[in-house]
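# Requesting a structural model of the entry that follows:
(one chain, ligands or ions: 1)
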Amino acid sequence: MGEPGGLSGARVLVAPDLAGAAELAAQEVVARGQAAAALRGRFALALAGGHTPRALHALLADPAQPFRARIPWARTEIFFGDERCVPPDHPDSNYRAAREALLARVPVPERQVHRLRGEDPDPAAAARAYEAELRAALGSEEGDGVPRLDLVLLGLGPDGHTASLFPGTAALEASDRLVAANHVPRLGAWRLTFTLPLLDAARAVIFLVAGAEKAPAVAAVLEGGADLPAARVRPERGELLWALDAAAASGLRR
Ligand SMILES: O=C(O)[C@H](O)[C@@H](O)[C@H](O)[C@H](O)COP(=O)(O)O
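Below you'll find the predicted structure:
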(Lines give C-alpha, C1' and ligand atoms only; values in the text may rest on other atoms or scores of the structure.)
Protein backbone atom coordinates (compact mmCIF):
# COMPACT_ATOMS: atom_id res chain seq x y z
CA MET A 1 0.00 0.00 0.00
CA GLY A 2 2.92 2.31 0.43
CA GLU A 3 6.67 2.54 0.93
CA PRO A 4 9.06 4.42 3.19
CA GLY A 5 11.25 7.17 1.87
CA GLY A 6 10.96 10.75 0.78
CA LEU A 7 11.54 13.83 2.87
CA SER A 8 13.82 13.14 5.83
CA GLY A 9 12.68 9.55 6.19
CA ALA A 10 9.01 10.38 6.04
CA ARG A 11 6.75 7.38 5.63
CA VAL A 12 4.73 7.76 2.44
CA LEU A 13 1.58 5.65 2.18
CA VAL A 14 -0.52 5.70 -0.96
CA ALA A 15 -4.14 4.53 -1.26
CA PRO A 16 -6.22 4.30 -4.44
CA ASP A 17 -8.53 7.17 -3.44
CA LEU A 18 -9.32 9.72 -0.73
CA ALA A 19 -11.43 7.26 1.23
CA GLY A 20 -8.47 4.89 1.37
CA ALA A 21 -6.03 7.63 2.35
CA ALA A 22 -8.42 8.80 5.07
CA GLU A 23 -8.58 5.23 6.35
CA LEU A 24 -4.78 5.12 6.58
CA ALA A 25 -4.87 8.32 8.61
CA ALA A 26 -7.71 7.04 10.80
CA GLN A 27 -5.67 3.95 11.65
CA GLU A 28 -2.81 6.22 12.77
CA VAL A 29 -5.17 8.36 14.87
CA VAL A 30 -6.34 5.23 16.70
CA ALA A 31 -2.83 3.85 17.20
CA ARG A 32 -1.43 7.12 18.48
CA GLY A 33 -4.47 7.90 20.59
CA GLN A 34 -4.30 4.57 22.36
CA ALA A 35 -0.52 4.81 22.88
CA ALA A 36 -0.70 8.39 24.20
CA ALA A 37 -3.56 7.61 26.58
CA ALA A 38 -1.76 4.51 27.87
CA LEU A 39 1.62 6.23 28.30
CA ARG A 40 0.58 9.72 29.40
CA GLY A 41 -3.11 9.49 30.22
CA ARG A 42 -3.99 11.96 27.49
CA PHE A 43 -4.14 12.23 23.70
CA ALA A 44 -3.30 15.70 22.35
CA LEU A 45 -4.62 15.83 18.78
CA ALA A 46 -4.52 18.83 16.41
CA LEU A 47 -6.98 18.84 13.51
CA ALA A 48 -6.28 20.20 10.05
CA GLY A 49 -8.40 22.71 8.17
CA GLY A 50 -9.70 22.83 4.64
CA HIS A 51 -11.89 20.28 2.89
CA THR A 52 -9.73 17.15 2.74
CA PRO A 53 -10.06 16.28 6.45
CA ARG A 54 -13.85 15.90 6.12
CA ALA A 55 -13.37 12.36 4.82
CA LEU A 56 -11.25 11.54 7.88
CA HIS A 57 -13.61 13.26 10.32
CA ALA A 58 -16.55 11.27 8.92
CA LEU A 59 -14.63 8.01 9.36
CA LEU A 60 -13.65 8.82 12.94
CA ALA A 61 -17.21 9.80 13.88
CA ASP A 62 -19.02 6.90 12.20
CA PRO A 63 -20.12 4.28 14.77
CA ALA A 64 -20.31 1.72 11.96
CA GLN A 65 -16.57 2.12 11.36
CA PRO A 66 -13.94 0.50 13.65
CA PHE A 67 -12.27 3.79 14.67
CA ARG A 68 -14.72 5.72 16.86
CA ALA A 69 -14.96 3.06 19.56
CA ARG A 70 -11.16 2.69 19.73
CA ILE A 71 -10.23 6.34 20.34
CA PRO A 72 -9.99 7.49 24.00
CA TRP A 73 -12.26 10.50 23.48
CA ALA A 74 -12.68 11.17 27.22
CA ARG A 75 -8.92 11.69 27.44
CA THR A 76 -8.48 13.50 24.14
CA GLU A 77 -7.57 17.18 23.98
CA ILE A 78 -8.56 18.68 20.60
CA PHE A 79 -6.60 21.55 19.09
CA PHE A 80 -6.67 23.24 15.66
CA GLY A 81 -3.53 23.71 13.58
CA ASP A 82 -4.96 26.86 12.05
CA GLU A 83 -8.09 28.93 11.68
CA ARG A 84 -9.49 31.57 9.44
CA CYS A 85 -10.20 34.93 11.08
CA VAL A 86 -13.96 34.49 10.98
CA PRO A 87 -16.63 33.67 13.61
CA PRO A 88 -17.00 30.01 14.63
CA ASP A 89 -20.31 29.69 12.78
CA HIS A 90 -18.92 31.12 9.53
CA PRO A 91 -18.93 28.78 6.49
CA ASP A 92 -15.14 29.21 6.21
CA SER A 93 -14.46 28.29 9.85
CA ASN A 94 -12.29 25.19 10.31
CA TYR A 95 -13.83 24.84 13.76
CA ARG A 96 -17.36 24.79 12.32
CA ALA A 97 -16.39 22.12 9.78
CA ALA A 98 -14.78 19.94 12.47
CA ARG A 99 -17.68 20.40 14.86
CA GLU A 100 -20.28 19.41 12.29
CA ALA A 101 -18.41 16.39 10.92
CA LEU A 102 -16.69 15.13 14.07
CA LEU A 103 -16.83 16.95 17.41
CA ALA A 104 -20.62 17.01 17.70
CA ARG A 105 -20.65 13.24 17.06
CA VAL A 106 -18.03 11.92 19.48
CA PRO A 107 -17.90 12.06 23.31
CA VAL A 108 -14.98 14.44 23.71
CA PRO A 109 -15.67 16.72 26.70
CA GLU A 110 -16.41 20.32 25.66
CA ARG A 111 -13.72 21.69 27.99
CA GLN A 112 -11.19 19.61 26.05
CA VAL A 113 -11.97 21.24 22.69
CA HIS A 114 -9.61 24.19 22.36
CA ARG A 115 -10.92 26.55 19.70
CA LEU A 116 -8.80 29.20 17.99
CA ARG A 117 -10.77 32.41 18.36
CA GLY A 118 -10.89 33.55 14.77
CA GLU A 119 -13.55 36.10 15.63
CA ASP A 120 -11.12 38.12 17.77
CA PRO A 121 -10.62 41.54 16.12
CA ASP A 122 -7.00 41.36 17.28
CA PRO A 123 -5.51 38.22 15.65
CA ALA A 124 -2.16 38.64 17.41
CA ALA A 125 -3.91 38.70 20.80
CA ALA A 126 -5.92 35.61 19.82
CA ALA A 127 -2.70 33.82 18.88
CA ARG A 128 -1.05 34.71 22.18
CA ALA A 129 -4.11 33.60 24.13
CA TYR A 130 -4.21 30.31 22.29
CA GLU A 131 -0.55 29.62 22.93
CA ALA A 132 -1.17 30.22 26.64
CA GLU A 133 -4.20 27.89 26.55
CA LEU A 134 -2.21 25.22 24.75
CA ARG A 135 0.68 25.47 27.23
CA ALA A 136 -1.75 25.33 30.16
CA ALA A 137 -3.48 22.26 28.73
CA LEU A 138 -0.32 20.36 27.77
CA GLY A 139 2.41 21.73 30.02
CA SER A 140 5.89 21.53 28.64
CA GLU A 141 7.23 18.44 30.28
CA GLU A 142 10.10 18.28 27.84
CA GLY A 143 13.30 20.18 28.50
CA ASP A 144 12.95 22.74 25.74
CA GLY A 145 9.72 24.16 27.12
CA VAL A 146 7.73 23.44 23.96
CA PRO A 147 4.51 21.43 24.50
CA ARG A 148 4.47 18.21 22.51
CA LEU A 149 1.28 17.34 20.70
CA ASP A 150 0.84 13.61 20.20
CA LEU A 151 -0.49 13.94 16.67
CA VAL A 152 -0.84 16.90 14.30
CA LEU A 153 -2.96 16.43 11.19
CA LEU A 154 -2.04 18.69 8.29
CA GLY A 155 -3.11 19.35 4.73
CA LEU A 156 -1.20 20.70 1.75
CA GLY A 157 -2.07 23.53 -0.58
CA PRO A 158 -1.10 23.52 -4.28
CA ASP A 159 1.48 26.23 -3.42
CA GLY A 160 3.07 24.05 -0.76
CA HIS A 161 1.47 25.81 2.22
CA THR A 162 0.38 23.87 5.26
CA ALA A 163 -1.75 25.00 8.19
CA SER A 164 -1.71 28.74 7.47
CA LEU A 165 2.02 28.87 6.82
CA PHE A 166 2.00 30.25 3.29
CA PRO A 167 5.16 30.82 1.20
CA GLY A 168 6.78 34.16 1.91
CA THR A 169 4.62 35.02 4.93
CA ALA A 170 5.94 36.20 8.30
CA ALA A 171 4.59 33.36 10.47
CA LEU A 172 6.65 30.87 8.45
CA GLU A 173 9.79 32.41 9.93
CA ALA A 174 8.44 32.83 13.48
CA SER A 175 10.79 31.11 15.93
CA ASP A 176 9.75 32.97 19.09
CA ARG A 177 6.18 31.77 19.32
CA LEU A 178 4.15 28.59 18.90
CA VAL A 179 0.97 30.18 17.55
CA ALA A 180 0.95 33.22 15.30
CA ALA A 181 -1.33 35.60 13.47
CA ASN A 182 -0.39 35.59 9.82
CA HIS A 183 -1.43 38.04 7.11
CA VAL A 184 -1.68 36.22 3.80
CA PRO A 185 -1.45 38.76 0.94
CA ARG A 186 -2.62 36.32 -1.74
CA LEU A 187 -5.81 35.77 0.27
CA GLY A 188 -6.05 39.36 1.46
CA ALA A 189 -6.84 37.89 4.85
CA TRP A 190 -5.49 37.14 8.31
CA ARG A 191 -5.12 33.64 9.62
CA LEU A 192 -4.17 32.04 12.96
CA THR A 193 -1.67 29.22 12.73
CA PHE A 194 0.70 26.87 14.50
CA THR A 195 4.29 27.81 13.75
CA LEU A 196 7.14 25.47 12.80
CA PRO A 197 8.55 25.20 16.35
CA LEU A 198 5.23 23.76 17.58
CA LEU A 199 4.81 21.49 14.58
CA ASP A 200 8.38 20.21 14.88
CA ALA A 201 7.88 19.37 18.56
CA ALA A 202 5.03 16.99 17.74
CA ARG A 203 5.40 13.27 18.41
CA ALA A 204 3.78 12.62 15.04
CA VAL A 205 2.66 14.63 12.04
CA ILE A 206 0.39 13.24 9.32
CA PHE A 207 -0.18 15.03 6.02
CA LEU A 208 -3.45 13.85 4.46
CA VAL A 209 -3.41 14.94 0.81
CA ALA A 210 -5.65 14.00 -2.11
CA GLY A 211 -6.32 15.12 -5.65
CA ALA A 212 -4.28 15.58 -8.84
CA GLU A 213 -4.05 19.32 -8.25
CA LYS A 214 -1.79 18.56 -5.26
CA ALA A 215 0.57 16.22 -7.17
CA PRO A 216 3.15 18.87 -8.16
CA ALA A 217 3.39 20.20 -4.60
CA VAL A 218 3.64 16.67 -3.16
CA ALA A 219 6.48 15.84 -5.57
CA ALA A 220 8.23 19.16 -4.90
CA VAL A 221 8.08 18.62 -1.14
CA LEU A 222 8.89 14.91 -1.00
CA GLU A 223 11.37 14.60 -3.86
CA GLY A 224 12.16 18.04 -5.21
CA GLY A 225 14.01 19.42 -2.23
CA ALA A 226 11.85 22.51 -2.55
CA ASP A 227 11.96 24.95 0.35
CA LEU A 228 8.18 25.05 0.57
CA PRO A 229 6.44 25.51 3.93
CA ALA A 230 5.29 21.87 4.07
CA ALA A 231 8.87 20.73 3.42
CA ARG A 232 10.00 22.61 6.51
CA VAL A 233 7.81 20.56 8.85
CA ARG A 234 10.36 18.18 10.34
CA PRO A 235 9.45 16.70 13.71
CA GLU A 236 12.91 16.31 15.26
CA ARG A 237 11.80 13.71 17.78
CA GLY A 238 8.67 12.56 16.04
CA GLU A 239 7.38 10.67 13.08
CA LEU A 240 6.32 12.12 9.76
CA LEU A 241 3.72 10.35 7.65
CA TRP A 242 2.17 11.28 4.31
CA ALA A 243 -1.15 9.59 3.53
CA LEU A 244 -1.87 10.19 -0.15
CA ASP A 245 -4.35 9.09 -2.73
CA ALA A 246 -2.96 7.87 -6.07
CA ALA A 247 -3.78 11.17 -7.78
CA ALA A 248 -1.82 13.26 -5.29
CA ALA A 249 1.06 10.75 -5.46
CA SER A 250 1.09 10.66 -9.28
CA GLY A 251 4.03 13.04 -9.55
CA LEU A 252 6.32 10.96 -7.36
CA ARG A 253 9.15 9.05 -9.02
CA ARG A 254 9.30 6.35 -6.32
O1 LIG B 1 -7.28 26.31 6.78
C2 LIG B 1 -6.87 25.69 5.79
O3 LIG B 1 -7.29 25.86 4.63
C4 LIG B 1 -5.88 24.59 5.98
O5 LIG B 1 -5.28 24.56 7.13
C6 LIG B 1 -4.95 24.52 4.81
O7 LIG B 1 -3.59 24.40 5.12
C8 LIG B 1 -5.41 23.30 4.06
O9 LIG B 1 -4.98 22.13 4.75
C10 LIG B 1 -4.85 23.29 2.66
O11 LIG B 1 -5.16 24.54 2.07
C12 LIG B 1 -5.52 22.17 1.86
O13 LIG B 1 -6.88 22.47 1.81
P14 LIG B 1 -7.92 21.46 1.11
O15 LIG B 1 -7.93 20.23 1.95
O16 LIG B 1 -9.24 22.19 1.15
O17 LIG B 1 -7.41 21.20 -0.28
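# can you map out the helices along the stretch 101-250 of the chain?
Under the criterion DSSP state H, counting those that start in this stretch, the stretch 101-250 of the chain carries helices at the ranges 123-138, 196-200, 215-222.
# any chance of those helices in JSON lines, with distance to Ala38, mean pLDDT and mean neighbour count too?
(Glycine included, C-beta is placed from N, CA and C.) Below are those laid out as JSON lines (distance: least, CB to CB, whole Å; pLDDT from 0 to 100; neighbours: other CB atoms under 10 Å):
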{"stretch": "helix 123-138", "distance to Ala38": "17", "mean pLDDT": "97", "mean neighbour count": "18"}
{"stretch": "helix 196-200", "distance to Ala38": "24", "mean pLDDT": "97", "mean neighbour count": "21"}
{"stretch": "helix 215-222", "distance to Ala38": "32", "mean pLDDT": "97", "mean neighbour count": "22"}
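# and of these, who's closest to Ala19?
The minimum distance between Ala19 and the helices of the stretch 101-250 of the chain falls on helix 215-222, with 18.2 Å, by CB to CB.
# Quick one: check the closest one for contact with the ligand.
No. Helix 215-222 does not reach the ligand (CB under 6 Å from any ligand atom); its nearest approach is 9.7 Å.
# For Glu77, give me its contacts.
Neighbouring residues of Glu77 by CB atoms under 8 Å, 6 or more residues apart in numbering: Arg42, Phe43, Ala44, Leu45, Gln112, His114, Ala137, Leu138.
# So which of those residues is the closest to the ligand?
Among the contacts of Glu77, Leu45 lies closest to the ligand (CB to the nearest ligand atom), at 15.0 Å.
# Would you confirm that the closest one belongs to a strand?
Yes. Under DSSP: H, G, I helix; E, B strand; the rest coil, Leu45 falls within a strand.
# Residue ranges in the stretch 51-200 of the chain under the pLDDT threshold?
Applying pLDDT under 70 to the stretch 51-200 of the chain flags the ranges 141-143.
# can I assume Ala226 is in contact with Gly160?
Yes. Applying CB atoms under 8 Å as the test, Ala226 and Gly160 come out as touching, 6.6 Å apart.
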